[in-house]
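Trainee: prediction below, plus the sequence it came from.
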Amino acid sequence: MENKATPREIYEKHLKQLQQTLLWEDASVIGIKNEDPADLALQAEVTASSYLSRLAVESADEAFELATDVAFLMPVDPNIEKIQILLDAADDTSVEVEVWDTGRQENYIPYQLQVRDVQTIKKGNKQWIEFNLPWSPESTQNAFVVIKENPSVSVYLSHQPMSGVLSFVREKALNVARGMESLNHDQLVVKWNMKRVVRKPFCFRLATETKAYEPAKIMDGYQRPYGGAHMWLSEPSKDDAWVALKWDKEVEFNEIHITFNDDVNEDLINLHHHRTEFDVIPELVRDYRLEVFEKGNWRILFEVKGNRQRKRKHTLENDVRTEQLRLVVEQTNGTAYAEIVEIRVR
């Protein structure tokens, strides 16, 4: 409408504008970054009350026998050195772990083997076993970490999800939803299945710190997982968490968009027989406020209670001039982390 163009002409002459417009409305456009020149947030420095730098899943809630290969996907930013995995061993045995890349940033399958390690372990329960798995990819991306089959060994699942981390089981028989029985089991996207382990990460911890959840991630242009989670996570805390934008000079705006994490991996459909254990995605921020820094103090622009949405748009009646804008997270819908995908300012 704006360009008075046909669909073909939009593709030929205005494709980038279309893509950026779709992103502005939170459409899923794989691999395309926000590069909107009108987005003042892209010009700001980002700081936060804290960010999650230690990637670890340590709450062991359910043993899972290694009757087949299992795997977990995790962000590598910037590298891996050692990974510790929690396991039981019924006998003295050995355990093999492999690290694969995923080929393409949007893929959740093993593509090319990068490194493997085998460790000999003693009989015993709940042992943290360290595997030497050094990998420094040229760019940040996901790793597909495979724990090889061993019936004498059980690993552990946590019932506390970790954003950016997914679990998989290499199913020996087709395990798909009703109506999907015609799928080819030899395809990796079918063979490596999440159905039994949705929102249940395997227990592991990294020996080195990660930058996968640092505050700057909310400005990297990606609104969906793509070779990483692309979101800010605070450290777990009972206190308010905040993320702030600071400009070199005063900017003027009247519109703020916030994208919260609503776990886009969750299978949400409107069939009455299909329900989650929760009414609201736990990772969504529930209570928050938006503030600007004026005359040495923070002034509240908007205060929201009971949020249930991924995308929130806040429009001001009059333009605001400031050098700092802050989003303060008071409460989530269940998770221990404040989780923000993106902030936009116009």
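Mentor: Structure's in. What do you need?
Trainee: count of neighbours near residue 326?
Mentor: Counted with other Cβ atoms under 10 Å, the neighbours of residue 326 add up to 22. Just so you know, the C-beta spots here come from the backbone N, C-alpha and C atoms, and that holds for glycine as well.
Trainee: look up how far residue 298 lies from it.
Mentor: According to Cβ to Cβ, to the nearest Å, residue 326 and residue 298 sit 6 Å apart.
Trainee: name the residues contacting each of those two.
Mentor: Shared contacts of residue 326 and residue 298, defined by Cβ atoms under 8 Å, 6 or more residues apart in numbering, are found at 291, 292.
Trainee: helix or strand: which one has residue 300?
Mentor: strand 297-304 (DSSP states H and E).
Trainee: let me know the next secondary structure element after that strand.
Mentor: Following strand 297-304 in sequence, per DSSP H and E, is strand 311-332.
Trainee: what's across from residue 144 in the sheet?
Mentor: Residue 144 has these beta-bridge partners by DSSP bridges: residue 73, residue 100.
Trainee: that one against residue 108, yeah?
Mentor: Yes. Counting by Cβ atoms under 8 Å, residue 144 touches residue 108, with 7.5 Å between them.
Trainee: what's next to the strand holding residue 300, contact-wise?
Mentor: 256, 287-293, 312, 314, 316, 320, 326.
Trainee: which residue ranges form the strands in the stretch 101-250 of the chain?
Mentor: Under the criterion DSSP state E, counting those that start in this stretch, the stretch 101-250 of the chain contains strands at 112-121, 124-135, 141-147, 150-157, 166-170, 192-193, 204-206, 232-233, 241-260.
Trainee: just checking: what are the partner strands of the first one?
Mentor: Think strand 112-121. strand 93-101 (antiparallel).
Trainee: quick one: distance of the partner strand to the chain centre.
Mentor: 24 Å (Cα atoms, centre = their mean, to the nearest Å).
Trainee: now the angle from the longest helix seen in the chain to strand 241-260?
Mentor: When the chain is parsed with DSSP state H, its longest helix is helix 15-24. For helix 15-24 against strand 241-260, the angle by axes from the mean of the first three to the mean of the last three Cα atoms, to 10 degrees is 120 degrees.
Trainee: what comes up buried for helix 15-24?
Mentor: 18, 19, 20, 23, 24 (16 or more other Cβ atoms under 10 Å).
Trainee: ok, then the element right after it?
Mentor: With secondary structure assigned by DSSP H and E, helix 15-24 is succeeded by strand 45-48.
Trainee: now do that following strand: everything it contacts.
Mentor: 215-216, 218-219, 232, 234, 241-247.
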